[in-house]
Structures are given as C-alpha cells and as structure tokens.
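pasted the sequence and its predicted model underneath.
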Amino acid sequence: RRTSSSLARNAFDSNGGATDAVCFTSEKPKRFLLKKPVVSQNRGFMSMSCENSASAAASKRAIAWFRSDLRVHDNPMLAKAAHKSNGDVIAVYCLDPRIFRAFTELGGFPKTGGHRAWFLLECLVDLRANLEKLGGTLVVQSGMPEEVLPQIAQEFGVTDVFYSQEACTEELSVETAVRKALPSHVNVHSTWGACTLHHLDDLPLSLRGSSVERPDMSLVEQARSLNFPQVFSSFRRQVEKDGLPVRRCVPAPTSLNKLPTGLDRGEIPSVSELIGSPEAEKLVGTHDSRAVMRFVGGETAGRERVTYYTHESQLISTYKGTRNGMLGEAYSSKFSPWLAHGCISSRWIWSEINQYERSHGSNESTYWLVFELLWRDYFRFAAIKKGSYLFRRGGEVGSKQKWSMNRDLLESWIQGETGFPLVDANMRELSRTGFMSNRGRQNVASFLIRELRIDWRLGAEWFESLLLDSDPCSNYGNWQYIAGVGDDPRGGRRFNVVKQGQSYDPNGDYPRHWLPELENVPQRFIYDPYRAPRAELERAGVVLGTHYPLPVVNSFGAAGDDDNKGVRRKNESNNGGVAGAAEKPGQLRNRTKIPSQTHSHAPDDEPTPVAHQLCKP
C-alpha cells in the first residue's frame, strides 16, 4: 500500500483522524446507549488458533510478538501467551526495515518520520520496563519478523507464537510470511482485541455474514465475510439497535519468566540509528514550546493522560464544546498517539468513561468521546473488508477522478507556504511536532484535494510519515472520506479554510502562534491577508510574496471571487498548469531516484511517483 516494499498489495487484499479517536470525519453522532460493561461469553481469550497436527510438547514456551499493541494491561495476546506457557513468554518486537527504512510508494516520503520514531522508541522503553516488573523483558531485534521469529523459535524451543491480528495489506502479508517461515512444530495463534472497542465475534448477526455458520474461519476470513455497511451511520445504527457489548479488560499477567540463557534482549536504538537520519534526532530531540503538549510514548504516560483528562481535571465533561480547538492540551483528549501504538486500549478508555459517569453522571461530552471510539472500530473493520482498495486512487467506489501531481503545489502545502494561514499554520505544526488538531486535519486535507486537486494518497502518505498517531486504517479511511472515494455518502467534503478559521478561532490566535510573520496583521484579515489593503499590511510589516507567500490558488476570494478554479500564474507553467489536470510521466521534472524502491501498483493505478522527497526537516 503505502511503501515501496515488495510485500505491498501482494497478499490478502484517520486523529490520526480525530485527535481523540483517530477520525477526522465530520459526521455528527446520534445517541446510542452503552451504560455499563456487557461481558460476552469467554471465547478462549478472544482468539483463533491454528494448531499444527504435531502433538503438543509437555513444556510450553511462547513468543508474544508485539506490533501495535505495546502494553501489558488489557492485551489479550499477551494474556493468552502467558496462560498457555505458564509465564514462559519471550516478548519480541522487530525493527522491520520495511517500516523504518522504507519510503512511501507514491510520494517517496520516509515511511516513519522522526517524530513518530521518537515516540515509538519511548513506547518500547516503557514496554520493556513494564515487562521487567513482571519478571520478563522485551527482546528488540532489527530485521524482518519472518526471519527473526523463526530463528528464536528454533534456537530456544518455542512451541507457540501469539500475535494480535492486524487489518491492512502490508501487515497481513507479514503475518502470512511469518506463518510460512516458522518451524512446523510451532503453533500459531492470532488474537483479536488489541485495537477495537468491540470484538469481531460480538458484532451484530446482521453484520456477521457467513462467519456465523463457519466458526472454523480465520479472523481475517471472518472480517472479510462481514456484511459491512458502506457508510458509518448504518454501522452505528446497527450497533445501537443490537446493544453491542464491550468486553471487560484483560488483566496483565501476574508474572513472567526470565529470558532463556543465551538470548540477548538487544538494545533499543536511537532515532538516527532506527531511521538513518541524524537530522531527525536533532529535530525531535528538543520539545517545541509551541506544541499543544509533550507527548511521551508508552503505556505509563498514556494511562496517566487518560486518568488526568477523565478523572483529575474532568476535562471530559466539556469535550463536546471544546473538541474543535487548535491550541493547548485541554481542548481535546489527545489520546490518539497512545491508541495508535496500542499503549492503551479503547476498552480501557471506555471503562474509565463509564467509571466517570457512575460518579458524575453522563452527558453529551462523555457520549461524544465514545462515539469517536466507534469511528475507530468502523475504520478498522472496513480496512479488512476493503483490502487493497483502501490504498487505491479510486477507492472501493472505483472513482475515475483525475488528480494532479503538481510538485510545486504539493511542496507549498507540505511546507505550509500556500498563502492561506489556517492551512499553513496547521502544516507547520505538523512538521514541527508530529501532531495536528482534528479541525486542522479536515481543513488541510480538503485544501489539498479540493483546491490544489492533488492526489489524496500523497496527503495520506505525508500524514503517515509525520503523524505521531498515524494508523493506516483511520488515516487512509479518513483521506478517502474527504476525497469522496470512501465512506462518505455525500461524495467528499470541501471546507472553506477562511470561514473555518474565522468560525473556530475568530481572534486569530492559532495562525499567530505558528506564523509569527503575521503577528501584527489585523484580526479581520488574519485568515485572508491577501484581501488586506497594502497600507494595512505595510503597517503590519508584511509584504506578500516576501514575508508571507502569495496564495497559490484563486480560491476563497484570493482572486476577487470564490470560483475555486484557477491556479496562480506562477504555477501555470509547472507540470501542465491547472491543478486537476492528469499528469503525464514526462511532466515531473528533476526527480531524484529513491534508494531501494520498487513499485507494485494495484491494477487501476498508473501514478507517477513524486520521487523528489519533499520531507524537509
């Protein structure tokens, strides 16, 4: 999908979305009731097992393969591994070069940028510390899982391997490769429950499809057989109608064994060692004082944030009214980076909200946050159902929309130099901190798609590279939603980035925070400085085109009208002129070769890679 790796798209074929539940869609929720925990039947730690025909050994030793489930509490995979092996668990995390040293397929951006790499490494340090409190530790090895895990299994007498089921094509390809590479005597167990609020087995019968009659089906087969609705509102209505249960959290294991003799736990690398970029280490090593907060990776920090937001500050009580803010740590939950890495679970957040409601009562704000968690579920279930269509230009709907790949326009968006302050402030916040508000994400995505007419996948790839909370299900699902090739029944969204700024930040505090060159621009022109009289701008010390960019498109009154059609003359000679024209391979000039990159596009894709690597520090 999103990488140049040969594994992309060849197997089974959003904060990040909202800053609270990784969903930057704009649908408003309708009330559904989840008043207290409903516990479904115990289904063997919520897992499916593929048992080999070889007889089980009397002594069990298990590998717990961690990926996006970096926690010990409410981790069904770890709990089952510990139960099966009586605590003799080798916990492993693989630093896969296809994730940390690869580039995105279309734009040639680093698959993992510096901010997310830094956050991930903090997650690993914390996970190792928490496992050591239980008596075990975390083995960290560089290499592809299908090479690392079989070697450990063979050398140290492993009988079982456990992992949390993922949803997207690349991850599923790796799972398949691991299964094939493991010794024949090793039993492999995939477990659902790392990322969703609701369990796959608990979905309403109306959604379950043929999996109801086929309990032998694998988790992936079950998910692919879902009668899954095309729009979120239909999914929500069925959840509401059937009173979908939320399972209780699984406790952490009480104890784990030490590593077997001869197995080195490995060192956790620095950012520069991990992604091969010394500049990234400098970029993320110092906290930007303008950031909404200091995000510290790991289960410990994630649980502290949930406790603070829900119980200590009780900010959750006003979430509905503040969630569209853009400045400070209090306007939204900021749970999404920890959710994306699996440091905390949706179920545990739900249980904490439930506890708050028992003490203080429920209101629209507590419900609204649960609603955001439901969006996360929707995107994950939809990702498995869609397969590679989640990463195709036309999406599952097969849209024939022509997109531009204008290099200069794309770079103006990436660098926050479009001449539209709401867009520029958000893009600069993203590049400096790895984070952006939900309101910002909707606007910058709409601007790239609707005003610049740039291929939406380039925006999704840039977000994937930089965002702390990047999760492929929500990220690509949300971009498809805005582009009108996904799950939006209205065929996509267009946001007026001037009116949005004026509505949600009327004083202009946000652009002044990130665009100091506009600090003295009068409030009435802060979101459209190109409308200001020259004398006003001179008094503010601003010359457009010198201190701050001229608008790159004629949208939102930049050319005296709101026709959304023209591209400023300085761009008309680049790559065919008007954004929206289909690019031809020869029109992208001065491309730089991307090292170790191959392209394996889906059949309906014929993009020209923007391979000049626009990812400046």
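Ah, there it is.

tell me where the stretch 1-150 of the chain has helices.
Taking DSSP state H, counting those that start in this stretch as the test, the helices found in the stretch 1-150 of the chain are 76-85, 97-100, 114-133, 145-155.

and the shortest one, how far out from the chain's middle?
If I follow you right, that is helix 97-100. Put simply, helix 97-100 sits 16 Å off its chain's centre (C-alpha atoms, centre = their mean, to the nearest Å).

and the average pLDDT for it is what?
Helix 97-100 carries an average pLDDT of 96.

repeat that for the last one.
Model confidence over helix 145-155 averages 98 on the pLDDT scale.

list the buried residues of it.
Buried positions in helix 145-155, judged by neighbour count with 16 or more other C-beta atoms under 10 Å: 145-146, 148-150, 152-153. All C-beta atoms are positioned from the backbone trio N, CA, C, and that covers glycine.

how about the longest one?
Taking 16+ other C-beta under 10 Å as the basis for neighbour counts, the residues of helix 114-133 that come out buried are 114-128, 130-131.

all strands of the chain, in order?
47-50, 62-66, 89-95, 138-142, 160-164, 187-191 (DSSP state E).

show me what the longest one is packed against.
This means strand 89-95. strand 62-66, helix 76-85, helix 114-133, strand 138-142, helix 145-155 (3 or more C-beta pairs under 8 Å, 6 or more residues apart in numbering; DSSP states H and E).

ok, which of these comes nearest residue 539?
Evaluated over those, closeness to residue 539 peaks at helix 114-133, with 37.2 Å, by C-beta to C-beta.

most distant residue from the centre of this structure?
residue 535 (44.5 Å; C-alpha atoms, centre = their mean).

quick check, pLDDT for that residue.
Reading off the model, residue 535 has pLDDT 95.

before we move on, what about the one 10 residues further on?
According to the prediction, residue 545 has pLDDT 95.

how many other residues sit next to it?
The number of residues packed near residue 545 is 10, by other C-beta atoms under 10 Å.

likewise residue 183?
As a burial measure, residue 183 scores 12 neighbours (other C-beta under 10 Å).

again, but for residue 499
13.

let me see the contact set for it.
residue 556 (C-beta atoms under 8 Å, 6 or more residues apart in numbering).

if I look at it, how far off is residue 235?
As judged by C-beta to C-beta, to the nearest Å, residue 499 and residue 235 stand 30 Å apart.

centre of the chain to stretch 295-308, how far?
18 Å.

sorry, slip of the keys, the one I care about is stretch 62-81.
20 Å.

ends of it, what's the gap?
In stretch 62-81, first residue to last residue: 6 Å (C-alpha to C-alpha, to the nearest Å).

looks like residue 307 contacts residue 352 (just checking).
Yes: counting by C-beta atoms under 8 Å, residue 352 is a contact partner of residue 307 at 7.3 Å.

tally of neighbours for residue 472?
The burial count for residue 472: 26, using other C-beta under 10 Å.

where do the helices sit along the stretch 351-500 of the chain?
364-386, 407-414, 421-433, 438-446, 456-466, 472-483, 497-504.

chain center to the first one: distance?
This means helix 364-386. Relative to its parent chain, helix 364-386 has a centroid offset of 13 Å by C-alpha atoms, centre = their mean.

ok, the fifth one next?
Centroid separation between helix 456-466 and its chain, computed with C-alpha atoms, centre = their mean, is 10 Å.

before we move on, the earlier item: could you dump the buried residues of helix 145-155 into a markdown table and include distance to residue 180?
Formatted as a markdown table, the buried residues of helix 145-155 follow (distance: C-beta to C-beta, whole Å):
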| residue | distance to residue 180 |
| --- | --- |
| 145 | 12 |
| 146 | 7 |
| 148 | 14 |
| 149 | 11 |
| 150 | 9 |
| 152 | 16 |
| 153 | 13 |
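
out of these, the closest to residue 546 would be?
Closest to residue 546, out of all of the buried residues of helix 145-155 and judged by C-beta to C-beta, is residue 145, at 51.6 Å.

so what's the closest one closest to, chain neighbours aside?
residue 94 (4.5 Å; C-beta to C-beta, 6 or more residues apart in numbering).

that neighbour against residue 150, yeah?
No: counting by C-beta under 8 Å, residue 94 does not reach residue 150; the two are 11.6 Å apart.

now for these two: what residues contact both?
By C-beta under 8 Å, 6+ apart, no residue touches both residue 94 and residue 150.

coming back round to it: out of the strands of the chain, nearest to residue 267?
Nearest to residue 267, of those and by C-beta to C-beta, is strand 138-142 at 7.1 Å.

output the contacting helices and strands for the closest one.
strand 89-95, helix 114-133.

now the angle from the shortest one to helix 114-133?
Right, the one you point to is strand 89-95. Interaxial angle of strand 89-95 relative to helix 114-133 (axes from the mean of the first three to the mean of the last three C-alpha atoms, to 10 degrees): 170 degrees.

on that earlier part again, single out the most deeply packed of the helices of the stretch 351-500 of the chain.
Highest mean neighbour count among those (mean count of other C-beta atoms under 10 Å): helix 472-483, with a mean of 29.

so who does residue 503 touch?
Here residue 503 is in contact with no residue (C-beta under 8 Å, 6+ apart).

distance of it from residue 527?
To residue 527, residue 503 is 10 Å away according to C-beta to C-beta.

ok, now residue 346?
35 Å.

same drill for those two, tell me which one is more crowded.
residue 527 (28 against 25).

please tell me how far the spatially closest residue to the more buried one that is not a sequence neighbour sits from residue 526.
Closest residue to residue 527 apart from its sequence neighbours, by C-beta to C-beta, 6+ apart: residue 501 at 3.9 Å. Counting by C-beta to C-beta, the gap from residue 501 to residue 526 is 8 Å.

cool, residue 324 as well?
The spacing between residue 324 and residue 526, counted by C-beta to C-beta, is 18 Å.

neighbour count: the two, which is higher?
Neighbour tally, residue 324 and residue 526, criterion other C-beta under 10 Å: the higher count belongs to residue 526, 26 against 17.

do you know the pLDDT at that one?
98.

ok, and the closest non-adjacent residue to it?
Per C-beta to C-beta, 6+ apart, closest to residue 526 is residue 508, 3.4 Å.

and that neighbour, how many neighbours?
Count around residue 508 with other C-beta under 10 Å applied: 23.

same check on the one 3 residues further on?
Applying the criterion other C-beta under 10 Å, we find 26 residues in the vicinity of residue 511.

surely it meets residue 421?
Yes: Residue 511 is in contact with residue 421 according to C-beta under 8 Å; the separation is 3.9 Å.
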